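Asks: Here is a sequence together with a model predicted from it:
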Amino acid sequence: MVRTANPALMKPMHLSAELEEVIGKGPMSRGEVVKQIWVYIKKHDLQNPKNKRNILADAKLKPIFGGKAEVTMFEMTKLVSGHLK
């Protein structure tokens with residue numbers, strides 16, 4: 001059985017100003033947004049070394065993460081959704 005991409009993940013979304021500061025100008029699909037956030041996290045070495053599933057927020061990510069200093073990968077996806085229209 002061939003899996004097809006979820007059309008909701010492919011739809012271009014408008015990004016908040018905070019999110020655009022981290023990953024660049026939108027519109028971007030939800031999948032592309034998550035991919036670009038991971039590029040940013042890896043480039044700035046923001047994974048918790050003791051627990052790679054947790055992301056440490058820098059000054060640019062904190063507003064996206066609702067002011068939290070550290071979030072889980074699952075929490076991150078939920079918080080990023082609030083910055084997409």
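Replies: On my side now, so go ahead.

Asks: thinking Thr77 is in contact with Gly31, fair?
Replies: No - with contact defined as Cβ atoms under 8 Å, Thr77 does not reach Gly31; the gap is 10.7 Å. The way it works is simple: take the backbone N, C-alpha and C, and place the C-beta from them, glycine included.

Asks: can you give me the helices for this structure?
Replies: 7-10, 17-23, 30-43, 73-81 (DSSP state H).

Asks: which strands and helices sit next to the first one?
Replies: Packing contacts for helix 7-10, counted by 3 or more Cβ pairs under 8 Å, 6 or more residues apart in numbering; DSSP states H and E, involve helix 30-43.

Asks: And the last one, by the same measure?
Replies: For helix 73-81, the elements it packs on are helix 30-43, strand 54-56, judged by 3+ Cβ pairs under 8 Å, 6+ apart.

Asks: who wins for proximity to Ala8 among the ones you listed?
Replies: Ala8 lies closest to helix 30-43 among the helices and strands packed on helix 73-81, at 7.1 Å (Cβ to Cβ).
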